[in-house]
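[1] Build me a model from this:
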Amino acid sequence: MKFKLFKQKYDPTKYDSLLAKGVVVNGNLTYKGSIHINGEVLGNVLPPDVTDTSVTVSGLITGQRVVTNFLVIEAGGVVTADEVTVHQTLIVKKGGRLNGGTITYTDVIFEEGSIIIGTLQLPTAEVQPSQPWPKS
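    Down below sits the predicted model:
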């Protein structure tokens, strides 16, 4: 399944980096491009530049902040963070779980059977995202 949303394409079958099942990162994870997390990240997940980024989770993220353009939480994937900032599209598939304090997104797809806990908000002038929104 490919999504053409806004000006950027997201293809969940292609990624630049893979954190394999059984691998645990204890600390912050900085990434570029797209990353698929099958293992565990016990820390923040932040790109140096949010442009052209995506995070797909079928493992576990537990931290204070997660920032990306596209966030896909697959069946069995769990993201727990105080602040989740998705500059374009947030997708939580059936069996995926998002436990967030504040969840900021532009577009959202929640499949039936997904679990979302937190405060959902669209970006506004009053809401300042973790990083600047990509320029149009």
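[2] hey, what's Glu40 bridged with?
    For Glu40, the beta-bridge partners are Val24, Leu60 (DSSP bridges).
[3] quick one, what contacts it?
    23-25, 59-62 (Cβ atoms under 8 Å, 6 or more residues apart in numbering). From N, CA and C alone the C-beta is placed, and that goes for glycine too.
[4] now the strands for the chain?
    3-5, 8-10, 17-19, 24-26, 29-30, 34-37, 40-42, 45-46, 54-57, 60-73, 78-92, 97-104, 107-110, 115-121 (DSSP state E).
[5] With neighbour count and distance to Gly76 as extra columns, can I get the contacts of Glu40 in CSV?
    Formatted as CSV, those follow (neighbours: other Cβ atoms under 10 Å; distance: Cβ to Cβ, whole Å):
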residue, neighbour count, distance to Gly76
Val23, 13, 16
Val24, 11, 16
Val25, 16, 18
Gly59, 22, 8
Leu60, 18, 9
Ile61, 28, 13
Thr62, 15, 15
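[6] Mind picking the two most distant members of the residues you listed?
    Taking Cβ to Cβ as the measure, the contacts of Glu40 span a maximum distance of 14.5 Å, between Val23 and Thr62.
[7] Point out where the protein drops to low pLDDT.
    1-13, 125-136 (pLDDT under 70).
[8] can you tell me which residue is nearest the centre of it?
    Leu71 (3.0 Å; Cα atoms, centre = their mean).
[9] OK, contacts around that one?
    54-55, 57, 79, 84, 86, 89-91.
[10] Among those residues, which one lies nearest to Asp107?
    Nearest member of the contacts of Leu71 to Asp107, counting by Cβ to Cβ, is Thr89, at 4.5 Å.
[11] end-to-end on stretch 106-121?
    End-to-end distance for stretch 106-121: 9 Å, by Cα to Cα, to the nearest Å.
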